[in-house]
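# Fold the following, please.
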Amino acid sequence: MQIVAKVATVMQAVFGTRLDALARTTGCVRRLRKFSGMCLARMFVLTVLQKPMAKDRDFRMMAAKLGVQVTEEAIQHRFTDGLVRFLEEMLKDAVTQTLGAKPVATTVTRKFTDIRVGDSTTLILPDELADRYPGCGGTGTACRAALKIQVLWSLGTGQLLQWLIEPGRASDSLSGIAAATPPKGSLSLFDLGYFSLERFRRVGEAGAYWISRFQHGTRVFDSAGKAVDLLRFLRQQGETGLVDVDVLLGEKDRLPCRLVAVRAPAEVVARRRHNLREKARDHGREASQEYLDLQEWTIFVTNCPPELLTWKEVVILYRARWQVELLFKLWKSHNHLAQRDPHASPQRQMAILYAKLIGVIVQHWLLLVTTWNDAQRSLRKAAAILCGWVDLLSEVLDDLQGLRNVLHRLAAAIAQTARITRRRKHPSLFQLLENPELLEYTLH
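Okay, here's the model as predicted:
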């Protein structure tokens, strides 16, 4: 597998001897005694990849496996501003690597050159970092500092096309991943936080496609330019539970696009309205009746014409956006990315966080090798298996052929145990992408 050779080469480069110079430049290693920059990086990153909530004894044990005998007290003294700078620069290098697996083509995905999914996740930081990473609100001193990770991700190849770290307060709609112009023939999927008629127009002008949920409050006009009362229009036109029409969006923009609306099941409508009332109450206001009534419908807008995508394919592809949410969930639940020790020094908290971030990037590369070309893969199961192979990986990092051999063995082991079964009821996303008619959506 070509991806094995690529990942092995990149891992050697990222964990290689150039880290020694970086450690001196950042002040992480001033005099070479026991730790070189390369050894220090391997100790921290591999330890948290294996044990995300590692203690000093775990770092000490990994150091011993790497051939360095140190005390736990010596480990504690390593958590300095220099170490934070060192790991931050190492992370910047890691995210520039362009690794992607061969995509698995399905009935729906082969219609596009790529399917690009953008989203963000936020991590709380020590209050001392509020000047650099201002938080996203809250009462009192809550969330004074926060870091936001913006990810633009290829659904087909698994490649992290862009990875940006921004202050928690930064607007998603202004992020660099939203500003990027996609390649011709690709499809972009973002959630409502990135909704922008100007962005939609730019994507279309580049010869690319987009699908989005409809942003409440956006003016809607029919194809002749006549203003539309959306709720009334849906109720009049959607007797069967489906509306699929051409519209213009925006008072000034008048962006031509397609509106697809599907009536939601009663239990879904009730849950949406409950959540809206709760959210409005938390902000000291009430949800408008119009907005509550619109919860009867799941509304999408897109520039994909009907001859390219059926309404079912529009619904299924937007669901694909949740794959990046599952990636974030993996990082937070398995890698404990959001967990920190609030009693530890800011330097220790940030060093551990950067080590975890590098760890999830390395983990992602390993998942590309071991699971990506299997539509029945389970990333969670695969990541759990990876933990048991970290020691073996650490032993062969300096041996390119040995590292390739271990990656091949790891892929074979995961293929036997990290799978999900095909479902007759509630088909998986990949089953739906292969056969859109499996979508369970009853019109009436």
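
# Against Thr98, how distant is the closest residue in space to His364 that isn't next to it in sequence?
Nearest non-adjacent residue to His364, counting by CB to CB, 6 or more residues apart in numbering: Leu160, 6.7 Å away. Glycine gets a C-beta too; all of them are placed from N, C-alpha and C. Separation of Leu160 from Thr98 (CB to CB, to the nearest Å) stands at 9 Å.

# ok, these two, which is more surrounded?
Ranked by neighbour count (other CB atoms under 10 Å), Leu160 and Thr98 place Leu160 first, with 22 against 11.

# doesn't Ile149 make contact with that one?
No: the pair Leu160 / Ile149 is not scored as a contact, 10.5 Å apart, by CB atoms under 8 Å.

# so what strands line up beside the helix or strand hosting Leu147?
According to DSSP states H and E, Leu147 maps onto strand 146-154. Its sheet considered, strand 146-154 pairs with strand 115-124 (antiparallel), strand 160-167 (antiparallel) by DSSP bridges.

# In the protein, which residue is most central in space?
The residue lying closest to the centre of the chain (CA atoms, centre = their mean) is Val324, at 4.0 Å.

# Tell me how many other residues crowd Ala413.
16.

# List the contacts of it.
Ile385, Trp389 (CB atoms under 8 Å, 6 or more residues apart in numbering).

# how does the protein divide into domains?
2-97+345-417, 210-311 (automatic domain parsing).

# What distance separates the opening and closing residues of the longest one?
Translated: domain 2-97+345-417. Start-to-end span of domain 2-97+345-417 (CA to CA, to the nearest Å) is 23 Å.

# Please apply the same query to stretch 136-155.
For stretch 136-155, the end-to-end distance is 29 Å (CA to CA).

# Over to stretch 181-193?
18 Å.

# got it, and stretch 218-233?
End to end - CA to CA - stretch 218-233 spans 15 Å.

# cool, stretch 83-103 as well?
First residue to last in stretch 83-103 (CA to CA) measures 37 Å.

# Figure out how far it is from the centre of its chain.
15 Å (CA atoms, centre = their mean, to the nearest Å).

# May I see the buried residues of it?
83-91, 94-95, 97, 99-101, 103 (16 or more other CB atoms under 10 Å).

# cool, stretch 387-401 as well?
Buried residues in stretch 387-401 (16+ other CB under 10 Å): Trp389, Val390, Leu393, Ser394, Val396, Leu397.

# try stretch 403-416
So, applying 16+ other CB under 10 Å, buried residues of stretch 403-416: Leu403, Arg404, Val406, Leu407, Leu410, Ala411, Ala413, Ile414, Ala415.

# Columns pLDDT and distance to Leu197 on top of those, output as a markdown table?
Converted to a markdown table, these look like this (pLDDT from 0 to 100; distance: CB to CB, whole Å):
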| residue | pLDDT | distance to Leu197 |
| --- | --- | --- |
| Leu403 | 95 | 48 |
| Arg404 | 94 | 48 |
| Val406 | 93 | 50 |
| Leu407 | 92 | 45 |
| Leu410 | 91 | 46 |
| Ala411 | 87 | 44 |
| Ala413 | 87 | 48 |
| Ile414 | 85 | 43 |
| Ala415 | 81 | 45 |
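
# which residue ranges form the strands in the protein?
115-124, 146-154, 160-167, 187-190, 209-213, 220-222, 242-249, 255-263, 297-302 (DSSP state E).

# Just name the most buried of those.
strand 187-190 (a mean of 26; mean count of other CB atoms under 10 Å).

# now that strand, how far from the centre of its chain.
Strand 187-190 sits 13 Å away from the centroid of its parent chain (CA atoms, centre = their mean).

# And for stretch 67-84?
Distance, centroid of stretch 67-84 to centroid of chain: 31 Å (CA atoms, centre = their mean).

# for it, which positions count as buried?
Under 16+ other CB under 10 Å, the buried positions of stretch 67-84 are Val68, Val70, Ala74, Ile75, Arg78, Phe79, Thr80, Gly82, Leu83, Val84.

# closest to Val45 out of the strands of the chain?
strand 160-167 (16.1 Å; CB to CB).

# didn't Lys6 look like it was pressed against Leu99?
Yes: between Lys6 and Leu99 there is a contact under CB under 8 Å: 6.0 Å.

# how many other residues sit next to the closest residue to Asp253 other than its chain neighbours?
Spatial nearest neighbour of Asp253, excluding adjacent residues (CB to CB, 6+ apart): Leu197 at 4.3 Å. Counted with other CB under 10 Å, the neighbours of Leu197 add up to 19.

# And for Gln323?
18.

# of the strands of the chain, which approaches Leu433 most closely?
With CB to CB, the closest approach to Leu433 among the strands of the chain belongs to strand 115-124: 9.5 Å.

# avg pLDDT for that closest one?
In this model, strand 115-124 has an average pLDDT of 95.

# Residues in contact with stretch 312-331: which ones?
Counting by CB under 8 Å, 6+ apart, 108, 115, 117-119, 121, 151, 153, 155, 187, 189-191, 211-213, 260, 262, 298, 300, 302, 304, 309, 337, 360, 364, 379-380, 383, 429, 432-433, 436-437, 439, 441 sit against stretch 312-331.

# so who does the spatially closest residue to Ala179 that is not a sequence neighbour touch?
Excluding its sequence neighbours, the residue lying closest to Ala179 (CB to CB, 6+ apart) is Arg199, at 7.9 Å. Arg199 is in contact with Ser173, Ala178, Ala179, Trp210, counting by CB under 8 Å, 6+ apart.

# Out of the residues you listed, flag the one nearest to Arg285.
Ser173 (21.9 Å).

# Hmm, Leu192 and the closest one touching each other?
No: Ser173 is beyond contact range of Leu192, at 9.6 Å (criterion: CB under 8 Å).
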